[in-house]
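[1] no FASTA, just this:
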Ligand code: GLN
């Protein structure tokens, strides 16, 4: 956090009425709680749909939404572009899921041929594909993040192409993600993904990865229930693979 910012970490839930499918609000709750449990003051700030997004937030959370709410959200985001850019220059973090992720890019072409202009914060374009990508997803994050496998749920038509030199969050082990073998985007204090769930309760390491961009290195936090959930979701998504792997080890040991 830069010194010009409030002592309390302000986690902004942007347009939850428009961008909040599959409980994406939970991402904000998790970020605030993981800070508070470590004795760091944090508050969830809701930015009502259509309102100007203030420059004073430390984290900007953008969730998923179907095409119409996504288009309305993009309009408000574009009107607030200078505030978001100012916040980013001051060290703020942007985390976006699905429609929110698409809106960070240059444009999204819907199935009806409508072009939704995004913020252009990342070099990416999205085009609706012929079918929807629906189901559990497993993503292997880029090695430098140090994060373990991520689990989530996806339901979207958009296929996202990252520009040359723009890095994804990771490679897809199960599911669709961006549609070309990778998922999301990983930039300088900006991270996008197709993973719902909501994704942060399911992946505490990802929550802490984002928080460390804001407050610096954090002490570990016991996350037994979250890790249990993560293990269970991984097992479901990887199908018999985890089970078969265990079986092989068992047989190999006699
Ligand atoms: N409207 C977008 C798509 O279908 C995003 C959907 C979502 O956020 N779940 O690609």
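    Looks like it arrived, so ask away. No experiment lies behind these values; they were computed from the predicted model shown.

[2] Direction included, what does the strand of greatest length in the chain pair against?
    Longest among the strand segments of the chain by residue count, using DSSP state E, is strand 124-141. Strand partners for strand 124-141, identified by DSSP bridges, are recorded as strand 107-109 (parallel), strand 150-162 (antiparallel), strand 170-174 (antiparallel).

[3] For the chain, which segments count as helices?
    Taking DSSP state H as the criterion, the chain contains helices spanning 25-36, 67-79, 81-89, 99-104, 199-202, 204-215, 224-237, 240-252.

[4] Make CSV out of those and add mean neighbour count, distance to the ligand and mean pLDDT.
    Where C-beta positions appear, they are placed from N, C-alpha and C, glycine not excepted. As requested, these are exported to CSV (neighbours: other Cβ atoms under 10 Å; distance: least, Cβ to the nearest ligand atom, whole Å; pLDDT from 0 to 100):
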stretch, mean neighbour count, distance to the ligand, mean pLDDT
helix 25-36, 21, 13, 98
helix 67-79, 19, 5, 98
helix 81-89, 16, 19, 98
helix 99-104, 30, 4, 98
helix 199-202, 25, 12, 97
helix 204-215, 21, 18, 98
helix 224-237, 15, 18, 95
helix 240-252, 10, 26, 45
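
[5] Just put these in CSV and tack on distance to residue 157.
    Output for the helices of the chain, formatted as CSV (distance: least, Cβ to Cβ, whole Å):
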stretch, distance to residue 157
helix 25-36, 22
helix 67-79, 8
helix 81-89, 25
helix 99-104, 10
helix 199-202, 19
helix 204-215, 24
helix 224-237, 21
helix 240-252, 27
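
[6] Residue 16 is nearest to which of these?
    Shortest separation from residue 16 across these is recorded for helix 25-36, at 5.6 Å, computed as Cβ to Cβ.

[7] helices and strands around that closest one, which ones?
    Under the contact criterion of 3 or more Cβ pairs under 8 Å, 6 or more residues apart in numbering; DSSP states H and E, the helices and strands touching helix 25-36 comprise strand 9-14, strand 42-47, strand 59-62, helix 199-202, helix 204-215.

[8] Residue numbers of the stretch 1-150 of the chain in contact with the ligand?
    Along the stretch 1-150 of the chain, the residues adjacent to the ligand under the rule Cβ under 6 Å from any ligand atom are 21, 64-67, 70, 98-99.

[9] Backbone dihedrals for residue 168, please?
    Here is the backbone geometry of residue 168 (degrees, to the nearest 10): phi -80, psi 170.
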